[in-house]
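Asks: Structure for this input, please:
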Amino acid sequence: MRPEENPFGIYLYSEEVDALAASFVGEILGSTGGPEDKTWGMYEFALSDPDGVLVRIGWPTHLRKAPAADRQSTTR
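Replies: Sure thing, here's the model as predicted:
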């Protein structure tokens, strides 16, 4: 089987989505090159392992802690 035809995938849940994404700069799939809030309620990014397995890393959007800048602007 060629890697680009690999039908398998894995989803890893982590609160540290941004920190993990920083470890994979240049390898993240998609147009933004980083994590995104998806319409299905996840903040995530995706990459492909050497065998073509799709790996998504994310956390539910509603459980995310607001970034420090957002917290400051809402408390004023």
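
Asks: Going by C-alpha atoms from here, please, whenever you check contacts or count neighbours.
Replies: OK.

Asks: Nearest residue to Ser48 in space, please, no chain neighbours.
Replies: Computed as Cα to Cα, 6 or more residues apart in numbering, the closest residue to Ser48 that is not its neighbour in sequence is Leu54, at 4.7 Å.

Asks: Look up how far His62 lies from the one you found.
Replies: Per Cα to Cα, to the nearest Å, Leu54 is found 24 Å from His62.

Asks: which one of these two has more residues nearby?
Replies: Legend: neighbour count by other Cα atoms under 10 Å for Leu54 and His62, higher for Leu54 (18 against 10).

Asks: so that one makes contact with Gly9?
Replies: Yes - using Cα atoms under 8 Å, Leu54 is in contact with Gly9, at 4.5 Å.

Asks: per-residue confidence for Glu4?
Replies: The model reports Glu4 with a pLDDT of 63.

Asks: Begin at 27, not 1, for the rest of this chat.
Replies: Fine by me, first position is 27 from now on; the one you just mentioned is Glu30.

Asks: Quick check: which ranges of this structure have low pLDDT?
Replies: Within the chain, the stretches with pLDDT under 70 are 27-30, 92-102.

Asks: how about a cut-off of 80?
Replies: The model of the chain has pLDDT under 80 over residues 27-32, 92-102.

Asks: Quick one: the helices in it, in order.
Replies: Assigned by DSSP state H, the helices in the chain fall at 43-48, 94-100.

Asks: Can you give me the buried ones in the shortest one?
Replies: So the one you mean is helix 43-48. Applying a neighbour-count criterion of 16 or more other Cα atoms under 10 Å, one finds Val43, Asp44, Ala47 buried in helix 43-48.

Asks: now those in CSV, with distance to Tyr69?
Replies: Formatted as CSV, the buried residues of helix 43-48 follow (distance: Cα to Cα, whole Å):
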residue, distance to Tyr69
Val43, 8
Asp44, 9
Ala47, 11
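
Asks: Pick out whichever of the residues you listed sits closest to Lys64.
Replies: Nearest to Lys64, judged by Cα to Cα, of these is Val43 at 13.3 Å.
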